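Colleague: the sequence isn't on hand, but the structure is:
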DNA sequence: CGCGGTCTATGGGGG
DNA sequence: ATAGACCGCG
């Protein structure tokens, strides 16, 4: 077999500026600017040279800065060319930020570094080497919905749902296996042939693997696992990358799973003499081999929160054993948060036994107390958040420096309703994901079919979208023909006339085939945006949506138009970008990538998405039993410790202000249930929290001690600080009313308000308008309510009437 | 084949 | 509450 050596593969060792493998600590020192402002530990982490380095970086300890300067230092001292550096980050956004910061330090020299996520790096490698795996470079990347769709088909074929298989549990199990690098064949070796369940699963796994292969597709887990398999099956391919990447850096190492760990191991493996080109100028050892690349990993086992997708905390805990002669550097000084916030974080995480002691500290002072609030309902809680955000904004805090966290995505609903009403600009990161909407998946399926005609799954999705009279029967006929002749479904389309179908259907199929073929032919020379627009026109997709009466279709049209805008934006950022590049980028966006600091909006996100981010003010909502810790987690080994780490991650995101809120009742899917304060809340020393409304006050409405707190029977509910944090705790005049927000979107038409008008609000009662800003449907009234105080309301939809 | 109704499973985190 | 599966009818 032969390997195409493109530019980067031209053995970078031949122009290597320095040599690797110098004695630890003896590297040339980069200039002072690079070390400016670093503490001794950080400095050491930047300067240390050796085979492997573990930087244990507590939250907010400046690890991004350290990592960035370490990379910049390698380049500046000419120890490495940029092209010899591979840095793995957790999100694309973090990668972009790191690239920028390195560029700021060393200038344009940073060109050629690989800074990307595990998935992006693997896709890059796999596309280059697709042929060695028997695929084409335009393979499709299946997301979890695509995987499940394929599994669903297989379950149907096998009638396997009777054995208790669902697309969900099958895809979960397959994902887990792949993260352990177990493929269908290695799984088959350990199958108990007497267990029909296992035998059936093996068959499903085999068909799933075959289905992906036939469609020239890989799922998310394959991206990592197949790269490892590729490296192991073709050592000479692995050697290409081992020779190229002399410095490998991995961020958030505590969240790597076994497959990712193995990938790193492969990349930093020493190169055997037979894989060293004769003319290499890299320094070779006594046997003629080349030592492995130097490895730097950064992580914090206290922030490991991805066990559910296979993250193995042992990867970081056992790093020193895995990589002998490792250096370990501990970063404990925190540059992000106030001491009060850190004290709370330290107190919480210290309840996790089995961890290395680590105590974050800062020199910035104690700062404000943590604010606590207990709402009567989730809406009440949301109103508190909205009001506090309004206050912060009035005090000069930018919306983009404020974030609201929650454990589950469904919690956004109440928050969004109140935010809209209160006219607070917000953005939900990774919510109901844009790319998961049906109309977007449809449009994307067209593009995928154009790029990868073998993808039958994509073809089936769009065969009858928009409706063109190709139903299940016709699809089956085409599939049958394709199977008989041994071609893909796409290749069967032009032969539709031979199937004896009706003239109308036949014509529709041929027209459909013509649209796809035309697009495929034009793809190499046409921008993704133009391909998409052409397809939308030719298929009449938008027209079909326009023709219906469904009011939601208007939003769907907007979404498709948004996708067109995305493709145009892509073309601006990547003038040379191909359709496959576009599809890859879209497949790999992470929730945190959507963060836009210049948007001027408050960011809403899950605690998981929040990892690695920081904000001046953080609202951590829903701090309740069954939510944080989540109900399901309590049954899982290590679940409660992981949930505690999640809470810890949330707390440590805050720079200046931290708000912890919960609700006494929370309505989920129709019915309302009583919520208990989270056990983790009690782990925070009482004197750190100032309760605006403590759980006790909320239960008793200003009366005696909380029943809810004693409910858990921990005996330590005194720590809630009721009575200490709020002197005298008078039964406060209720300014936050129990909101029962209706689901139907309210519309006040063109109700206009002027300063001085009296209005009545369904929750806040009567009040006087003190100001009106904004135009038309976006106009906002500022109202001074007689009892609830000052609020801002979006006039068009607020539940108000003019008196 | 397409439509519109009823029924049922599913409500955790993500690349 | 909601999306998708399912079923019977025009």
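Modeller: Ah, there it is. Keep in mind the model is a prediction, meaning the values are calculated, not measured.
Colleague: below-threshold pLDDT in chain A: ranges please.
Modeller: Residue ranges of chain A with pLDDT under 70: A:1-28, A:161, A:431-432, A:549, A:669-670, A:699-749, A:776-778, A:797.
Colleague: which non-adjacent residue is nearest whichever residue of the stretch 301-450 of chain A sits closest to DNA strand C?
Modeller: Of all residues in the stretch 301-450 of chain A, residue A:438 sits closest to DNA strand C, at 6.0 Å by CB to the nearest atom of the strand. Glycine gets a C-beta too; all of them are placed from N, C-alpha and C. Closest residue in space to residue A:438, ignoring its immediate chain neighbours: residue A:556 at 7.8 Å, by CB to CB, 6 or more residues apart in numbering.
Colleague: do residue A:629 as well
Modeller: residue A:643 (3.6 Å).
Colleague: how is residue A:88 assigned, secondary-structure-wise?
Modeller: In three-state terms, and counting by DSSP: H, G, I helix; E, B strand; the rest coil, residue A:88 is strand.
Colleague: how many residues are close by it?
Modeller: 27 (other CB atoms under 10 Å).
Colleague: quick check: it vs residue A:654, distance?
Modeller: 27 Å (CB to CB, to the nearest Å).
Colleague: repeat for residue A:219
Modeller: 36 Å.
Colleague: more neighbours: those two, which one.
Modeller: Between residue A:219 and residue A:654, counting by other CB under 10 Å, residue A:654 is the more crowded of the two (29 against 23).
Colleague: quick one, phi/psi of that one?
Modeller: The phi/psi pair for residue A:654 (degrees, to the nearest 10) reads phi -90, psi 130.
Colleague: need phi/psi at the closest residue to it other than its chain neighbours.
Modeller: Using CB to CB, 6+ apart and skipping the chain neighbours, the partner closest in space to residue A:654 is residue A:618 (3.8 Å). Per-residue torsions, residue A:618: phi -130, psi 130 (degrees, to the nearest 10).
Colleague: show me the contacts for residue A:618.
Modeller: A:402, A:403, A:404, A:405, A:650, A:651, A:653, A:654, A:657, A:658, A:659 (CB atoms under 8 Å, 6 or more residues apart in numbering).
Colleague: out of those residues, flag the one nearest to residue A:143.
Modeller: Among the contacts of residue A:618, residue A:405 lies closest to residue A:143 (CB to CB), at 24.4 Å.
Colleague: okay but that closest one is in contact with residue A:650, surely?
Modeller: Yes: with contacts defined as CB atoms under 8 Å, residue A:405 counts as touching residue A:650 at a distance of 5.1 Å.
Colleague: isn't residue A:296 right up against residue A:51?
Modeller: No: Residue A:296 is beyond contact range of residue A:51, at 10.2 Å (criterion: CB under 8 Å).
Colleague: the more surrounded of these two?
Modeller: residue A:296 (24 against 19).
Colleague: so what does whichever strand or helix holds the more buried one touch, helix or strand wise?
Modeller: For residue A:296, the host element (DSSP states H and E) is strand A:294-299. Contact here means 3 or more CB pairs under 8 Å, 6 or more residues apart in numbering; DSSP states H and E; on that basis strand A:294-299 packs against strand A:52-57, helix A:63-76, strand A:247-250.
Colleague: and of these, who's closest to DNA strand B?
Modeller: Taking the helices and strands packed on strand A:294-299 one by one with CB to the nearest atom of the strand, strand A:247-250 is closest: 13.9 Å.
Colleague: can you tell me if that closest one touches DNA strand B.
Modeller: No: on the criterion CB under 7 Å from any atom of the strand, strand A:247-250 is out of touch with DNA strand B, staying 13.9 Å away.
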